[in-house]
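J.: got a predicted structure here, sequence first:
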Amino acid sequence: MWLTKHLIKTLLSSFKDKPTLSKIHALLITSGLINQRNPATKLISSYAQIGDIKVARQVFDKLPQRGIDAWNAMIIAYSRMGFSNDVVGVYKEMINEGIKPDSSSYTVAIKACASLCDFEMGEEIWHQAVGFGYKDDDFVGCSVLNLLSKGGRMVEAKAVFEGMKRKDLVCWTTMVTGFAKIGQGLEAVGVFREMQEQGMVGDGIVMLGLIQACTDIGDMNVCLSVHGHLIRRNLLMDVVIYTSLVDMYAKNGHLCLAYRIFCNMPQKTVVSWSALVSGYAQNGLAGEALELLIEMQRVGYRPDLASLVSALLACSHVGYLKMGRSIHAYILRRQELEHISATAAIDMYSKCGALSSARELFDMIGCKDVILWNTMIASYGIHGHGEAALSVFHDMIKTNSYPDDATFASLLSALGHSGLVEQGQYWFNEMINRFRIEPSEKHYACVVDLLARAGKVEEALDLINSMKKHEAGMSIWAALLSGCHNHRKFSVGELAAKKVLELQPDDSGIYSLVANFFASAKMWKEMAEVRKAMRMAGMKKVPGYSMVEVKGKLHAFLMEDKSHYQYEHMVLIIEKLDSEMRAMGYTPKIEFVFHDIEEEVKVKMLSFHSERLAIAFGLLNTEPGTKLVINKNLRVCGDCHEAIKYISKIVNREIVVRDVKRFHHFKHGVCSCGDYW
């Protein structure tokens, strides 16, 4: 016959347009070659290549006999079009018809399961492949690696990987990126080093995985090493690589390097800007983050969701309510307010003192996820509204939303800040017995804090000693020490302080807590040793500062800072308030000055703490009756807490102070947090 299989193959390979393929198709039918294996398979592939998957399927369905080549042609056709459900469907049909799959069948079907995140089906196909003798097949193995790594099952992936005889770059890349995605950065770096020892040269994809691993590890030497490797190998540095480097340095706190790389990028995208904005926000540099957000719009980039959420985070850090409202409004105008941005906005409103706005937004969200519920519970908690937090928790249960470990951490913290000790203990037990959630260190820390705040430090110590599955860590001992410090329980406090020091904290705030405890106990020698240890470790005590938003602008004050242009007027306000407070019965609590100095000097220092300067400035520059919201970077001292009660009554205003732990609402001489500050 003049129409040979070779000629048909040549024709199908040469012509890629629909009309010509239709003519060849007709020729195959009239010649009878359509029923033969190779021409039919090639025709299915040809139709698929021009995007006509419907006709390709019609050809496949009309074949009187379908061998493995035809089945694979159809499976591969669907795969190339991205129709993963159809790939799995055809694979199941093939099994039901008793056709034995080959390497290609398994490889493509498992790949489709990975795309669908159908790990159960993917594992079933993998077991079938093993049963038919394809356990050591490199192509099938590579697909299984992709499936397992996408599901975060890297222990199993590593077992498959180590059993493979031939590992190509794709396999190595899958392992590096897989470990990086689940936060096991050291494992990812280890695989990369092994890859280098095998003589494999990485490409941009594996380097992206490695950069992500470095971001999680937080080791600056490893970060610099990877960056240096990119430069030495002269690997292509596209905008994605540059952006990943910006993100890596920013998240590790090296913002100068992140900014330098950002500035030197030959091309920037909105993701690049977002990485830098997020970096500044997450490192507490809220002002710089917000300036970058404004700058990116000025040069023509429209902020994406990530940068807007980061900006809301920045506003929540410093209590910048006006900017936070503007960003929320921008999202409503330009973006869809979905769960992530709604959660960030609720968090921003609550941390800027606008709890009613947070609740109003929360009530507007129809289908609430567990993170949204947790955020609202935590919001009430930091404002000292434990009963309201518990009410939200009950609403959550009624809607059949299942609480997680973070829910209970927020709830227990809220109950602790409100002094609801019995309810806190009750829900801690319910978490374990009813909801079957194993308590972690953060839950124990919440309950210890709850007890210690109420002065029950001995009971808190008993709880610590009863812990079996967990070793009490820094957060637990620091919570106990804080309670001992506040309630002047020196015997238990000394034990807690020593435990804290044994754990060698890397936080200057923890060292300051220990030093202040020793000072309050008049253990001056021990206090001096702690201060010396801080100096030896290169740590400095973080200076306390307070900020107040007046007419849309933030103003910051340090203790005894005389540089402000209204300082003299603020002094007059403070002195007048001090006189009126004393007449009402206020007595300075000099025990909150942790220095071995004269009593008169201590009294003067208390009068010019940063929160009092911020209040004085607010009183000078706002209308009578206006609520003042003060943000402090450290804890409010006991003396200022008492003094602000008096001030709120004298000036007849609500004064809200947010410190690192919670909000304190002062009104008519009373604080909402009572004695649980």
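T.: Perfect, I can see it now.

J.: assumed Asp472 was part of a strand.
T.: Just to correct that, residue 472 is Ala rather than Asp. No. In this structure, Ala472 is coil, not part of a strand, as judged by DSSP: H, G, I helix; E, B strand; the rest coil.

J.: low pLDDT regions in the stretch 551-677 of the chain?
T.: Applying pLDDT under 70 to the stretch 551-677 of the chain flags the ranges 590-603, 673-677.

J.: mind checking the end-to-end distance for stretch 533-549?
T.: Counting by C-alpha to C-alpha, to the nearest Å, you get 37 Å between the two ends of stretch 533-549.

J.: start the count at 622 instead of 1 going forward.
T.: Okay, residue one is now 622; in that scheme the one you just asked about reads as stretch 1154-1170.

J.: need the contact list for Ile716.
T.: For Ile716, the contact set (C-beta atoms under 8 Å, 6 or more residues apart in numbering) comprises Pro722, Gln749. Yep, even glycine has a C-beta here, placed from its N, CA and C like the rest.

J.: ok, and what's touching the lengthiest helix in the chain?
T.: Ranked by number of residues, the top helix in the chain under DSSP state H is helix 1188-1204. With contacts defined as C-beta under 8 Å, 6+ apart, helix 1188-1204 is touched by 1182, 1185, 1228-1229, 1233-1234, 1237-1238, 1240-1241, 1264, 1267-1268, 1271-1272.

J.: apply 6 Å and report the result again.
T.: For helix 1188-1204, the external contacting residues (C-beta atoms under 6 Å, 6 or more residues apart in numbering) are Ser1228, Arg1233, Leu1234, Ala1237, Phe1238, Leu1240, Leu1241, Tyr1267, Ile1268, Ile1271.

J.: distance of the fifth one from Lys1270?
T.: Phe1238 is 20 Å from Lys1270, where distance means C-beta to C-beta, to the nearest Å.

J.: neighbour count winner among those two?
T.: Between Phe1238 and Lys1270, counted using other C-beta atoms under 10 Å, the more crowded position is Phe1238 (23 against 17).

J.: part of a strand, is that one?
T.: No. Using three-state DSSP, the secondary structure at Phe1238 is helix, not a strand.

J.: residues in contact with it?
T.: By C-beta under 6 Å, 6+ apart, the residues touching Phe1238 are His1176, Met1191.

J.: ranges for the helices of the stretch 922-1071 of the chain?
T.: For the stretch 922-1071 of the chain, the helices defined by DSSP state H, counting those that start in this stretch occupy 926-939, 942-955, 960-972, 976-985, 991-1003, 1007-1019, 1026-1038, 1042-1054, 1062-1074.

J.: can you say which of the ones you listed is nearest to Ala801?
T.: Closest approach to Ala801 among those (C-beta to C-beta): helix 926-939, 18.9 Å.

J.: which other residues reach the closest one?
T.: With C-beta under 6 Å, 6+ apart as the test, helix 926-939 has contacts from 895, 898-899, 902, 905, 907, 910-911, 914, 944-945, 948, 952, 962, 965-966, 968-969, 972.

J.: hmm, which of those are the buried ones?
T.: Using 16 or more other C-beta atoms under 10 Å as the burial test, the contacts of helix 926-939 include 895, 898-899, 902, 907, 910-911, 914, 944-945, 948, 952, 962, 965-966, 968-969, 972 as buried.

J.: now do the helices in the stretch 1072-1221 of the chain.
T.: Assigned by DSSP H, counting those that start in this stretch, the stretch 1072-1221 of the chain shows helices spanning 1078-1087, 1095-1108, 1111-1123, 1129-1141, 1145-1157, 1188-1204, 1220-1228.

J.: return the most buried member of those helices.
T.: helix 1095-1108 (a mean of 23; mean count of other C-beta atoms under 10 Å).

J.: and the angle for that helix with helix 1026-1038?
T.: 10 degrees (axes from the mean of the first three to the mean of the last three C-alpha atoms, to 10 degrees).

J.: helix 1095-1108 packs against which elements?
T.: Other elements packing on helix 1095-1108 under the criterion 3 or more C-beta pairs under 6 Å, 6 or more residues apart in numbering; DSSP states H and E are helix 1062-1074, helix 1078-1087, helix 1111-1123.

J.: try 10 Å this time
T.: Under the contact criterion of 3 or more C-beta pairs under 10 Å, 6 or more residues apart in numbering; DSSP states H and E, helix 1095-1108 touches helix 1062-1074, helix 1078-1087, helix 1111-1123, helix 1129-1141.

J.: and those as CSV, adding mean pLDDT and distance to His1015?
T.: CSV is the format used below for the helices and strands packed on helix 1095-1108 (pLDDT from 0 to 100; distance: least, C-beta to C-beta, whole Å):
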stretch, mean pLDDT, distance to His1015
helix 1062-1074, 94, 19
helix 1078-1087, 94, 25
helix 1111-1123, 92, 34
helix 1129-1141, 85, 35
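
J.: how about those helices, which one is nearest Met715?
T.: With C-beta to C-beta as the measure, helix 1062-1074 is the member of the helices and strands packed on helix 1095-1108 nearest Met715 (50.4 Å).

J.: just the closest of the contacts of helix 1188-1204 to Tyr1207, please.
T.: After measuring the contacts of helix 1188-1204 against Tyr1207 - C-beta to C-beta - the closest member comes out as Tyr1267, at 5.1 Å.

J.: so what's that closest one closest to, chain neighbours aside?
T.: Leaving aside its sequence neighbours, Tyr1267 sits nearest to Met1202 (C-beta to C-beta, 6 or more residues apart in numbering; 4.3 Å).

J.: from memory Leu953 sits against Glu959, does it?
T.: No. Taking contacts as C-beta atoms under 10 Å, Leu953 lies outside contact range of Glu959: 11.7 Å.

J.: low-scoring stretches of the protein, by residue?
T.: Counting by pLDDT under 70, the chain shows low-confidence ranges at 622-661, 1162, 1211-1224, 1294-1298.

J.: would you map out the domains in it?
T.: 1060-1158, 1166-1292 (automatic domain parsing).

J.: tabulate those in TSV, adding columns for distance to Gly830.
T.: Converted to TSV, the domains of the chain look like this (distance: least, C-beta to C-beta, whole Å):
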stretch	distance to Gly830
domain 1060-1158	28
domain 1166-1292	36
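
J.: can you tell which of those domains is closest to Gly703?
T.: domain 1060-1158 (41.1 Å).

J.: straight-line length of the closest one, end to end?
T.: End-to-end distance for domain 1060-1158: 33 Å, by C-alpha to C-alpha.

J.: same question, stretch 992-1011
T.: End to end - C-alpha to C-alpha - stretch 992-1011 spans 16 Å.

J.: how far off centre is that stretch?
T.: Using C-alpha atoms, centre = their mean, to the nearest Å, the distance from the centre of stretch 992-1011 to the centre of the chain it belongs to is 19 Å.

J.: and what of stretch 955-973?
T.: Counting by C-alpha atoms, centre = their mean, stretch 955-973 comes out at 15 Å from the chain centroid.

J.: likewise for stretch 951-971?
T.: Relative to its parent chain, stretch 951-971 has a centroid offset of 16 Å by C-alpha atoms, centre = their mean.

J.: ditto for stretch 1167-1177
T.: The answer for stretch 1167-1177 is 28 Å, by C-alpha atoms, centre = their mean.

J.: buried residues in it?
T.: Across stretch 1167-1177, burial judged by 16+ other C-beta under 10 Å covers Ser1167, Met1168, Val1169, Glu1170, Leu1175, His1176, Ala1177.

J.: stretch 1042-1062 too?
T.: The neighbour-count criterion (16+ other C-beta under 10 Å) identifies Val1042, Gln1044, Gly1045, Gln1046, Trp1048, Phe1049, Met1052, Ile1058, Pro1060 as the buried residues of stretch 1042-1062.

J.: kind regards, and thank you for your time.
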